[in-house]
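> when you get a sec, could you give me coordinates for this:
(one chain, ligands or ions: 1)
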Amino acid sequence: MKKVAISACLLGSKCRYDGSDNYDPKILGLLECYELVPFCPEDFCYGTPRPTMDLIDKGREIKVISNLTQADLTPPIKEYAKAFFNMNKDLELFIGKDRSPSCGVCSSKVYNINKELISTSGSGVMAQMAKSLDIDCFDAEEYLKLKKGI
Ligand code: SF4
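Okay, the predicted model is just below:
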């Protein structure tokens, strides 16, 4: 069976920063022929609930920065992503939750160091790594539109 990596919150895991989920039965209905491989780097690295975080363009690199402490939260998320893709080398598809600084594929907000919005089409850390591995990557909303022809 083909495998799809998918943001766990889309499957109903209550792993969002505030303990809620992003359950989306429409997406699940489109993935019936796939084995689902869920992931949530933020819950694994920082627990739930947790302070929010954003992507900040630091010049050389876009980093995940805590909105509470301004700490750089990127390294553990990258380590999680590396381990996840090492353990799952046969993924055909990656579906990320839109706009997440970890999972968004082409929809994440990026700010400059003055916290001014500079892009709404950035990629989260997990999604960036999936793209670099040549896995087909989609934001959940984009995938839904594509498959439903809307
Ligand atoms: S968008 Fe990604 S990091 Fe955020 S709760 Fe969902 S799976 Fe976790």
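> centroid residue for this structure?
Nearest to the mean C-alpha position of the chain, counting by Cα atoms, centre = their mean, stands Cys103 at 0.7 Å.
> which residues touch that residue?
7, 41, 96-97, 124, 126-127 (Cβ atoms under 8 Å, 6 or more residues apart in numbering). Using the backbone N, CA and C atoms, a C-beta is placed for each residue, glycine as well.
> of those, which is the nearest to Arg60?
Gly124 (18.0 Å; Cβ to Cβ).
> for the residue lying closest to the residue nearest to the centre of the chain once chain neighbours are set aside, what are its contacts?
Using Cβ to Cβ, 6 or more residues apart in numbering and skipping residues adjacent in sequence, the residue nearest Cys103 is Gly96, 3.7 Å away. By Cβ under 8 Å, 6+ apart, Gly96 lies in contact with 6-7, 103-105, 124, 126-127, 130, 137-140.
> again, only this time at 10 Å
5-7, 10, 39, 102-108, 123-124, 126-127, 130, 137-140, 142-143 (Cβ atoms under 10 Å, 6 or more residues apart in numbering).
> next: Gly124.
The neighbourhood of Gly124, defined by Cβ under 10 Å, 6+ apart, consists of 7, 41-42, 55, 62, 64, 77, 81, 96-105, 107-108, 130, 139.
> check Glu141 too.
Going by Cβ under 10 Å, 6+ apart, Glu141 touches 24, 26-27, 97-99, 105, 107.
> go again with 8 Å.
Glu141 makes contact with 98, 107 under the criterion Cβ under 8 Å, 6+ apart.
> checking it next. Helix, strand or coil?
Of the three states, Glu141 takes helix under DSSP: H, G, I helix; E, B strand; the rest coil.
> sorry, back to before: which of the contacts of Gly96 are close to the ligand?
7, 102-103 (Cβ under 6 Å from any ligand atom).
> after the helix ranked longest in the chain comes which helix or strand?
Scanning the chain for the helix with the most residues, using DSSP state H, yields helix 74-87. Remark: after helix 74-87, the chain's next helix or strand is strand 91-96, criterion DSSP states H and E.
> so which elements touch the helix or strand containing Ile65?
Here Ile65 sits within strand 62-66, counting by DSSP H and E. Secondary-structure packing of strand 62-66 (3 or more Cβ pairs under 8 Å, 6 or more residues apart in numbering; DSSP states H and E): strand 53-57, helix 74-87.
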